[in-house]
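[1] here is a sequence with its predicted model. Questions after.
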Amino acid sequence: MRRRSVLRAGACTGAAAVAGNAFVGEPAMAWFRGLDAPRWQLPMTGFLGVGALYYGVVGSVLARSIDRRDARSTAWSLAVLVANEAWNGVFFGRRSTRAGFVGVCGFLVPLLALQHSVAGDVPSRRVLAPYTAYVLLYDLPWTHRLWRLNPAPGRTRPPATGDRRAGAPVAVPVLGPCGAPHGPRTLDTPGPGWSDHGHQRRCP
């Protein structure tokens, strides 16, 4: 592979990384950490590792595409870079889990097209295939579950069975001693109608 191809691909990849990460500041990360998350969500170190591998993979595919003078796979490689950074904008920039899921669905269009376009280049096909599988098998269900756990304001949140809540006790409706509702309380505090020893008082 020619050095010029590597430098051009590296410049495009680096510019995309800088542009996309402009949306991921401390306020955006504070919002992200406050979301209810699936129990199988990767830790932050896992996301950082995948991100680093992603830029290496797409940069490599782009460099080989430029080197082969393959206009189609070059165009799709650039489209993947743009779409990935656009996802940062709609998810972190708009603070929207729904936009994050829709964005991943849109991101799959150029990614799958790129995977198809490098079918004839064995090294590119092999290096890209694991990342494509990761997006299909992890990113897509993860963003969907994240959206369902954190719907837009005004929408009802579904039951969070098998998921974890970030930093807050669960609020449940609690009835009074004779069945009268007393509003929501947390699971770790007894409601009206319960003695200090945890036994329910009798109704009059």
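    Ah, there it is. Numbering: from 1, shown residues only.

[2] just give me how far whichever strand or helix holds residue 148 sits from the chain centre.
    Assigned by DSSP states H and E, residue 148 belongs to helix 140-149. Centroid separation for helix 140-149 versus its chain: 8 Å, with Cα atoms, centre = their mean, to the nearest Å.

[3] repeat for stretch 8-15
    Worked out by Cα atoms, centre = their mean, stretch 8-15 lies 24 Å from the chain centre.

[4] in that stretch, what's buried?
    Using 16 or more other Cβ atoms under 10 Å as the test for burial, stretch 8-15 gives 8-9, 12-13. C-beta here means a position set from N, CA and C on the backbone, and glycine is covered the same way.

[5] for those residues, give me CSV that also has pLDDT.
    CSV is the format used below for the buried residues of stretch 8-15 (pLDDT from 0 to 100):
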residue, pLDDT
8, 94
9, 94
12, 95
13, 95
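
[6] ok so, going back, which other helices and strands contact the helix holding residue 148?
    strand 37-38, helix 97-117 (3 or more Cβ pairs under 8 Å, 6 or more residues apart in numbering; DSSP states H and E).

[7] can you lay out these as JSON lines showing distance to residue 137, mean pLDDT and mean neighbour count?
    What follows is those, written out as JSON lines (distance: least, Cβ to Cβ, whole Å; pLDDT from 0 to 100; neighbours: other Cβ atoms under 10 Å):
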{"stretch": "strand 37-38", "distance to residue 137": "14", "mean pLDDT": "94", "mean neighbour count": "18"}
{"stretch": "helix 97-117", "distance to residue 137": "12", "mean pLDDT": "97", "mean neighbour count": "19"}
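
[8] to residue 31, which of these lies closest?
    helix 97-117 (10.0 Å; Cβ to Cβ).

[9] helix 140-149 and the closest one, what's the angle between them?
    170 degrees (axes from the mean of the first three to the mean of the last three Cα atoms, to 10 degrees).

[10] and the strands in this protein?
    37-38, 163-164, 171-175, 181-186 (DSSP state E).

[11] weakest of the ones you listed by average pLDDT?
    With a mean of 41, strand 171-175 has the lowest mean pLDDT of these.

[12] contacting residues around the residue nearest in space to the middle of the chain?
    Centroid check for the chain by Cα atoms, centre = their mean gives residue 143 as the closest residue, at 4.8 Å. By Cβ atoms under 8 Å, 6 or more residues apart in numbering, residue 143 lies in contact with 97, 100-101, 103-104.

[13] what is the nearest of those to residue 83?
    residue 103 (8.1 Å).

[14] my read: that closest one touches residue 92, true?
    No: if you go by Cβ atoms under 8 Å, residue 103 and residue 92 don't touch, sitting 10.5 Å apart.
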